[in-house]
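Q: Provided below for reference: sequence and predicted model.
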Amino acid sequence: MTILDIHDIPAQRRADVLGQVPTGLLIGSWRPAEHGETFPVHDPATGAELLQIADGTTADALAALDAAADAGPAWAATSPRERSEVLRRAYEALTARTDDLALLITLEMGKPLDESRTEVSYAADFVRWYAEEAVRLDGRHTASPDGGSRIITSPQPVGPCLLITPWNFPLAMGTRKIAPALAAGCTVVLKPAALTPLTSLLMAQILLDAGVPEGVLNVITTTNPGTVSAPLMADARLRKVSFTGSTAVGQRLVEQSASQLVRTSMELGGNAPLIIFDDADLERAVKGAVIAKLRNGGQSCVAANRILVQEGIADEFVARFQQAMAAVEVGPGTQPGVAVGPLIDDRAVKKCSELVTDAVVRGAKLVAGGDPLPMPGHFYPPTVLDHVPAGARILDEEIFGPVAPIVRFGPEAEAVALANATPFGLAAYVFTENLDRALRVSDALETGMVGINQGIVSNVAAPFGGVKHSGLGREGGHEGIEEYLETKYLAVNKS
Ligand SMILES: O=CCCCC(=O)O
C-alpha cells in the first residue's frame, strides 16, 4: 500500500464550488430554518469545516409537507411528456455540472474524485431513465369473466413522499428516489443525511433551474432526523416513505408507517457473500473481489462482506487477492491516483479495528493491512483476514470498510449454507465458469441480487433491493417507478 501525502485542490476552486451550495431549506422556495439554527458539515479527509447549513425543525418539516401537498394536484395533472421533459433537462443539467458535483461529493464524503464522477454519471442516469419511463406507464383493458363489465386499470401517483437518503452515495441515492417519484407525478420531501447534505442541496438547485416547479421537490436538512420523520409519518397527507440506511432505522419507519398505512420502500443493510468456486477464472475473481470490496471504500450495502473460497483454489486466490489489496493507494479523495479515500468518521475506523481484532483473537490470520493509518482524517487500509472462524463478529456484522474476511469451504452446498446464514439478503456474488452451477447457486441464494462473475450489481435499468432484513421494494429499472404508483381500476358496465 502507498500512503499519499495530503495534497489539496486549489483553495479557490474549493471555495467556488462550496459557494454554489444553497445553505437554507427548500420549502417551496429557499428559506432559513425556523429557529435560524445551523450545523457544520466536515471534510472526512481533514476534519475541516466545509460549510454551515440550516438545521431543520419539526415546523420546517411540516411546512415542507404543506408545500408538497399543495403542489401535488398540479404536478400529478401535468402530462407525462411534460414531466419527462423536465427530467430530461435535469439529466442534461446534472451531467453538465459533473465536475462541481463530483468535487462536492469528494469534499463531504471522501471518495476519490474518479469514483465521485462515476457516481454523478450513475445518479444522472437515473434521471434520464425515469424521464424515459414517465411516458411508458400503462394499464390494462379487459372484460370481466361474465362479459358484463369492462375492466380498465390506470397507474396513479401515490401522493406526497418522504425520501430519506444515506451519506455513502449522496447524489445517486437521491436521484434514484426523486426521479421515479417525479416521473410518476408525486411530490417529495427529501431528507439527506446530516453528514453529506451539501450535494443534495446543490442537486436540488440544479433541478429547480431545470424546471422542477416550486413545491414539487422540497429539502429539509437536519441533525435530528426523528424530529423530521416522525411528524411526517404521522400526517395523513404523507402517502409514501422511501428509506436507504440501516435495518434498525428501517424497522422503526415501518412501525411508524402503520398508523397512516404509508407505503414503504426500504433499502437496508447487507452482508453480501462473494463465493469463488474452484472452477472460477481466477483473474476475474480477484478483480471482482477487489471491486466488490473496495468500491466506495467498502462503505456500501452491497459491498462483499464475506469472501467464501473453495479449498482447491484458496491458497492461490488469497496470495493474488492479498497482493492486489496491498497495492491499492489510500489517501484524500482529491489526490490523483488514490483508489480508497477516508472512511466517513472515527466511528467507522473504530468499528473496522474492533472487528479485525475480534477475528484475530479468535484465530483469523491477518495477511494485509490491519491498523488505522497514522495520518489526519479517518483512514483505514485495505485489510485481508484469512481462515476467519465461525463466531467472529466480522462474519455477522456489516463492516462498511475496506476489510475482507476470507472463509474456506468444501462442497458447493456448504458455500450456499454459509452464504445464507445471515438475517440479511441484499446482494451476493458468484464466480464460476460453470453455467449450471452459477444458475443453481443463484437460485439457492436468499438475496435480492446476484452478481455472476462480476463484482458490481448496480445498474439504473435493474431492480435494486433485498429480501429478509435487507428490505422491501426495489429501486431502479421499471420496478422502481411502480413503488410510486397506485393502480386505479374502473368497472365499466357493458350492457
Ligand atoms: O449502501 C447502499 C448504496 C447502494 C449504492 C449502489 O450500488 O447503487
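A: Yep, that arrived.

Q: when you work out contacts or count neighbours from here on, use the C-alpha atoms and nothing else.
A: OK.

Q: residues contacting the residue of the chain most remote from its centre?
A: Relative to the mean C-alpha coordinate of the chain, counting by C-alpha atoms, centre = their mean, the farthest residue is Ser495 (51.8 Å). With contact taken as C-alpha atoms under 8 Å, 6 or more residues apart in numbering, Ser495 is in contact with 148-149.

Q: the residue of the stretch 351-495 of the chain found nearest the ligand: how many residues sit nearby?
A: Going by C-alpha to the nearest ligand atom, the ligand is nearest to Ser458 of the stretch 351-495 of the chain, at 4.6 Å. Per other C-alpha atoms under 10 Å, the neighbour tally for Ser458 reads 16.

Q: report pLDDT for it.
A: Note on Ser458: pLDDT of 97.

Q: spatially nearest residue to it, not counting backbone neighbours?
A: Once flanking residues are discounted, Ser458 sits nearest to Phe464: 7.0 Å by C-alpha to C-alpha, 6 or more residues apart in numbering.

Q: tell me who's in contact with the one you found.
A: 448-449, 458, 474-476.

Q: return the residues of the protein in contact with the ligand.
A: 300-302, 458 (C-alpha under 6 Å from any ligand atom).

Q: mind pulling up the phi and psi values for the residue of the stretch 1-150 of the chain found nearest the ligand?
A: Residue nearest to the ligand within the stretch 1-150 of the chain: Tyr122 (8.4 Å; C-alpha to the nearest ligand atom). The phi/psi pair for Tyr122 (degrees, to the nearest 10) reads phi -60, psi -50.

Q: need the contact list for it.
A: Contacts of Tyr122 (C-alpha under 8 Å, 6+ apart): 172, 459-460.

Q: looking at these, which are in helices?
A: Using DSSP state H, the members of the contacts of Tyr122 that fall within helices are Ala172.

Q: top of the contacts of Tyr122 by number of neighbours, please.
A: In terms of neighbours by other C-alpha under 10 Å, those top out with Ala172 at 25 neighbours.

Q: which residue sits closest to the most centrally placed residue in the chain, ignoring its sequence neighbours?
A: A centroid search over the chain (C-alpha atoms, centre = their mean) returns Met173, at 4.7 Å, as the residue closest to the centre. Spatial nearest neighbour of Met173, excluding adjacent residues (C-alpha to C-alpha, 6+ apart): Thr165 at 6.0 Å.

Q: how far away is the one you found from Thr142?
A: Thr165 sits at a distance of 40 Å from Thr142 (criterion: C-alpha to C-alpha, to the nearest Å).

Q: who's more crowded, those two?
A: Thr165 (28 against 11).

Q: my guess is that one contacts Leu195, does it?
A: No. Taking contacts as C-alpha atoms under 8 Å, Thr165 lies outside contact range of Leu195: 10.8 Å.

Q: so how far does stretch 228-248 reach from one end to the other?
A: 17 Å.

Q: pull out the buried positions in that stretch.
A: 228-230, 232-234, 237-247 (16 or more other C-alpha atoms under 10 Å).

Q: please apply the same query to stretch 411-426.
A: Here stretch 411-426 shows 415-416, 418-420, 422, 424-426 as buried, counting by 16+ other C-alpha under 10 Å.

Q: what about Tyr489, which helix or strand?
A: In the assignment (DSSP states H and E), Tyr489 maps to strand 485-493.

Q: which helices and strands does that strand pack with?
A: If contacts are counted by 3 or more C-alpha pairs under 8 Å, 6 or more residues apart in numbering; DSSP states H and E, strand 485-493 sits against strand 149-157.

Q: just how off-centre is the strand it packs on within its chain?
A: 33 Å (C-alpha atoms, centre = their mean, to the nearest Å).

Q: ditto for stretch 317-335
A: The answer for stretch 317-335 is 23 Å, by C-alpha atoms, centre = their mean.

Q: can you check stretch 267-278 too?
A: 16 Å.

Q: what's the answer for stretch 68-76, then?
A: Worked out by C-alpha atoms, centre = their mean, stretch 68-76 lies 27 Å from the chain centre.

Q: go on, stretch 285-301?
A: For stretch 285-301, the distance to the chain centre is 15 Å (C-alpha atoms, centre = their mean).

Q: adjust the sequence numbering to begin at 11 for everything that follows.
A: That works, and once the first residue is 11, the last one we named lands at stretch 295-311.

Q: how long is it end to end?
A: For stretch 295-311, the end-to-end distance is 20 Å (C-alpha to C-alpha).

Q: how about stretch 483-494?
A: Per C-alpha to C-alpha, stretch 483-494 runs 11 Å from first to last residue.

Q: which residues sit against it?
A: Contacts of stretch 483-494 (C-alpha under 8 Å, 6+ apart): 136, 139-140, 143, 167-169, 186-187, 190-191, 193-194, 196, 250, 274-277, 469-476.

Q: one more pass at 7 Å, please.
A: For stretch 483-494, contacts defined as C-alpha atoms under 7 Å, 6 or more residues apart in numbering pick out 167-168, 186, 190-191, 194, 275-276, 470-475.

Q: repeat that for stretch 448-463.
A: Under C-alpha under 7 Å, 6+ apart, the answer for stretch 448-463 is 294-295, 426, 430, 435-442, 467, 475-477.

Q: which parts of that stretch are buried?
A: Neighbour-count burial for stretch 448-463 [16+ other C-alpha under 10 Å]: 448, 451-452, 455-463.

Q: how far does the strand holding Tyr499 sit from its chain's centre?
A: That offset, for strand 495-503, works out to 34 Å (C-alpha atoms, centre = their mean).

Q: in the stretch 361-505 of the chain, which spans are strands?
A: Counting by DSSP state E, counting those that start in this stretch, the stretch 361-505 of the chain has strands at residues 375-378, 393-396, 413-419, 434-435, 437-441, 459-462, 477-478, 481-482, 495-503.

Q: would you format those as JSON lines with mean pLDDT included?
A: Output for the strands of the stretch 361-505 of the chain, formatted as JSON lines (pLDDT from 0 to 100):
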{"stretch": "strand 375-378", "mean pLDDT": "97"}
{"stretch": "strand 393-396", "mean pLDDT": "98"}
{"stretch": "strand 413-419", "mean pLDDT": "98"}
{"stretch": "strand 434-435", "mean pLDDT": "98"}
{"stretch": "strand 437-441", "mean pLDDT": "99"}
{"stretch": "strand 459-462", "mean pLDDT": "98"}
{"stretch": "strand 477-478", "mean pLDDT": "98"}
{"stretch": "strand 481-482", "mean pLDDT": "98"}
{"stretch": "strand 495-503", "mean pLDDT": "98"}
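
Q: where does the prediction get shaky in this protein?
A: 11-18 (pLDDT under 70).

Q: okay, domains of it per the record?
A: With domains defined by the TED database, the chain comprises 21-278+481-499, 282-462.

Q: where do the helices sit along the stretch 161-310 of the chain?
A: 182-194, 208-219, 235-243, 257-270, 292-304 (DSSP state H, counting those that start in this stretch).

Q: point out the most buried one among those.
A: By mean neighbour count, with neighbours taken as mean count of other C-alpha atoms under 10 Å, helix 182-194 ranks first of these at a mean of 27.

Q: who touches it?
A: In contact with helix 182-194 (C-alpha under 7 Å, 6+ apart) are residues 93-94, 129-130, 132-133, 136-137, 140-141, 144, 167, 173, 175, 197, 485-486, 490-491, 494-495.
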